[in-house]
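J.: Below are the sequence and a predicted model for it; my questions follow.
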Amino acid sequence: ATLVTYLLRSWRWQVLLAPIGRVSFRTSFRATVMGFAGNLLLPARAGEFLRAYVIARHERVNVASAFATVIVERLLDLVTVLLLFACGILFAGIDVGPAIAAAGWIAAAGAVASLVVLFVLAGHPERVGLLVDRLSRRLPARLAGVVGQLARTLTGGLKVMRSPSHFILALAWSLPVWLSIGFGIIFVSWAFNLKLTVLGAFLVVGYLTVGVSVPTPGATGGFHYFYKLAMTQFFGASDSAAAAAAIVLHLVSFVPVTILGLIFMWQDGLSFGNVKAMKAEADHESGASRE
């Protein structure tokens with residue numbers, strides 16, 4: 001299931017990249033794996049920049065444009081997770097409590113609304129510039145520069161949304177991506193005799209998304225805590241079984257892709273020192289352009 005997840009992610013990224021350049025599946029897969037390995041082993045999610053760099057290195061694609069598609073990809077992930085979480089709340093037959101149910105529905109509605117707004121802005125990128133200009137007048141100079149750079153990057157990534165067919169296809173690919181992740185969670189849970197349904201897994205996915213967002217090395221700590229919290233709170237798992245399953249799920253989810261990513265980086269002559277230097281140089285160039 002873990003392998004299938006990265007295959008699906010690579011196919012989806014090809015769709016996102018299509019409006020800015022043709023990218024082979026081999027390059028997309030290798031860059032995706034290297035990027036996720038980099039995110040686990042490097043600070044500040046430097047693996048996202050590594051993905052864009054590898055794509056630009058092997059295909060006729062601009063680094064900045066490739067990096068912008070990663071932002072759109074993350075947006076699609078967020079929308080999909082929140083919608084699946086809402087489905088779990090509604091159809092899994094589990095009493096999650098009014099507070100969690102309300103939070104899930106509000107988050108899902110906000111995600112869909114954000115998607116609609118971005119889709120509209122993609123057809124009129126000049127509106128993004130006007131909005132940022134108005135906002136920048138009320139912000140300190142340094143913060144205004146950061147906001148402006150983010151807006152320009154996001155506008156570049158929204159090119160995919162100007163092609164409805166590509167955007168709808170990328171959104172459609174997001175469902176099997178997260179279903180595959182859900183089945184990986186289910187299989188590990190079953191291995192520890194923990195009862196977990198497909199719809200119930202959507203609740204766990206929502207919790208784990210919060211867990212991996214905690215800035216810890218290798219996503220440790222937060223991942224384990226939120227898996228254990230979801231399994232004990234919603235599915236009656238014992239603390240010891242949930243804790244053990246969390247450790248194995250973490251290993252299954254992250255160790256294989258990290259090893260494969262390191263092999264791909266070695267084949268491409270890349271090291272973590274190279275990646276850090278490239279990211280620092282890119283950040284410096286962005287700062288210079290803002291000035």
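T.: Cool, got the structure.
J.: any idea which element the residue nearest the centre of the chain lies in?
T.: Taking C-alpha atoms, centre = their mean as the criterion, Arg74 is the residue nearest the geometric centre of the chain, at 4.0 Å. Arg74 is part of helix 63-91 when elements are defined by DSSP states H and E.
J.: if I look at the residue nearest to the centre of the chain, how far off is Met34?
T.: Arg74 sits 17 Å away from Met34, going by C-beta to C-beta, to the nearest Å. Glycine gets a C-beta too; all of them are placed from N, C-alpha and C.
J.: what's near enough to touch the residue lying closest to Thr216 once chain neighbours are set aside?
T.: Leaving aside its sequence neighbours, Thr216 sits nearest to Gly222 (C-beta to C-beta, 6 or more residues apart in numbering; 5.7 Å). Contacts for Gly222 (C-beta atoms under 8 Å, 6 or more residues apart in numbering) come out as Val210, Gly211, Val212, Ser213, Val214, Thr216.
J.: before we move on, what about Trp105?
T.: Counted by C-beta under 8 Å, 6+ apart, Trp105 has contacts Ala86, Ile89.
J.: mind checking how far it is from Phe85?
T.: On the measure of C-beta to C-beta, Trp105 and Phe85 end up 9 Å apart.
J.: Remind me what the helix holding Arg74 packs against, helices and strands.
T.: helix 2-17, helix 46-58, helix 98-123, helix 141-157, helix 164-191, helix 198-213 (3 or more C-beta pairs under 8 Å, 6 or more residues apart in numbering; DSSP states H and E).
J.: For it, buried residues please.
T.: For helix 63-91, a neighbour-count test (16 or more other C-beta atoms under 10 Å) marks 63-73, 75-89 as buried.
J.: Repeat that for stretch 163-174.
T.: When burial is assessed from 16+ other C-beta under 10 Å, stretch 163-174 yields the following buried residues: His166, Phe167, Leu169, Ala170, Leu171, Trp173, Ser174.
J.: Next: stretch 210-229.
T.: Going by neighbour count (16+ other C-beta under 10 Å), the buried part of stretch 210-229 is Gly211, Val212, Ala219, Thr220, Gly222, Phe223, His224, Tyr225, Phe226, Tyr227, Lys228, Leu229.
J.: Show the pLDDT at the residue lying closest to the third one once chain neighbours are set aside.
T.: By that I understand Ala219. Using C-beta to C-beta, 6+ apart and skipping residues adjacent in sequence, the residue nearest Ala219 is Val212, 4.7 Å away. On the pLDDT scale, Val212 is placed at 88.
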